[in-house]
Each structure stands twice: as C-alpha cells, then as structure tokens.
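>>> Sharing a model that was predicted from the sequence below.
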Amino acid sequence: MNVDRLRWTISLVALVVLALPSLAEAQSPPPGKRKGGGGGVCHADVVRLCASSMGQPGAVRGCLQEHLSELSEACRQQVEARGAQAKGVGAQVRQSCADELGRFCPNVTKGSGGMMRCLRQHEAELGEACRTALPPRGRGGAPPAP
C-alpha cells in the first residue's frame, strides 16, 4: 500500500471514530435514564471488551471499532450504522469546506480529527456552507439543516 493511500485510510478511520456520537453514552446512560436497569445495545460489549477504555474521550468508540467482529449483532449494526453516517458527514464537510481547508488548514496532518479541529479553530471565519456542514459540537451525526 502506498504512503498516500495509507495516510488517506488512517485519516478516514480517524474521522469516522471522531465523528461518531459518544457510544459510551449510548451504551451506558446515566442511572436515572436507564430503563429496567439495563444499558444501551452495546453496554455488555463495552463492559466485556472495552472496560479499560471507559472514561477516556473517544476511546470506547475506537475500541468497539477494533473489536467489531466480536460484538453482539445489535451492537455491531449500531457501530456500523454510525460509522456509515460519519463517513457521509466527513465527505459533506470536505466538499462544503474545500476552500476553507485550503486556506486555513493546508498543513493539517490527516487523521486524529485534525480537519475538524482546524475548522473549529477558524469557525468564525468560515463561510456559511462550511459552517452549516460541520456537525454539532461534541457530537457526530448529520450536519444541522440549513
């Protein structure tokens, strides 16, 4: 695999992981929010496979991605669906923010959410289309409606 393709792949994986909503919240809602004492569809998988990652921002998402083949069917489907959604968000941001990325973030190292961090640092200077394409702060998912 050539270096550019590897960097692109790593960037895409990092964007997906960072753009996913916090799966830890989805799996293990606060005690007052639990129905019948259980967590979300991934709670058992998080406890079984990713307990050491709990409490570290983004670490549970990465852990679940690493253990995709070991997840329960419901959890795997949720993780894959959120990953697909995040890919769409990343593509929309890259398309809508192409000018801004070139102007403000030309030397951003791809991966680890560098693109989103850079755009957030320049949020006040972004064009309307780019600002609209950014997912809500702290959460992944679809961009806000125009």
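Yes, it's here.

>>> alpha carbons only for contacts and neighbour counts from here, please
OK.

>>> so which strand or helix has V41?
When elements are assigned from DSSP states H and E, V41 belongs to no helix and no strand.

>>> Which secondary structure element of the protein has the lowest mean pLDDT?
Across the helices and strands of the chain, mean pLDDT, DSSP states H and E gives its lowest value to helix 23-27, namely a mean of 43.

>>> So which elements touch the helix or strand that that one is followed by?
Following helix 23-27 in sequence order, the next helix or strand is helix 43-50 (DSSP H and E). Applying 3 or more Cα pairs under 8 Å, 6 or more residues apart in numbering; DSSP states H and E, we find helix 43-50 packed against helix 23-27, helix 59-66.

>>> same question for the longest helix along the chain, mean pLDDT?
Longest helix in the chain, counting residues (DSSP state H): helix 73-96. Across helix 73-96, pLDDT averages out at 86.

>>> Could you check the angle that helix makes with helix 59-66?
On the basis of axes from the mean of the first three to the mean of the last three Cα atoms, to 10 degrees, helix 73-96 is oriented at 110 degrees to helix 59-66.
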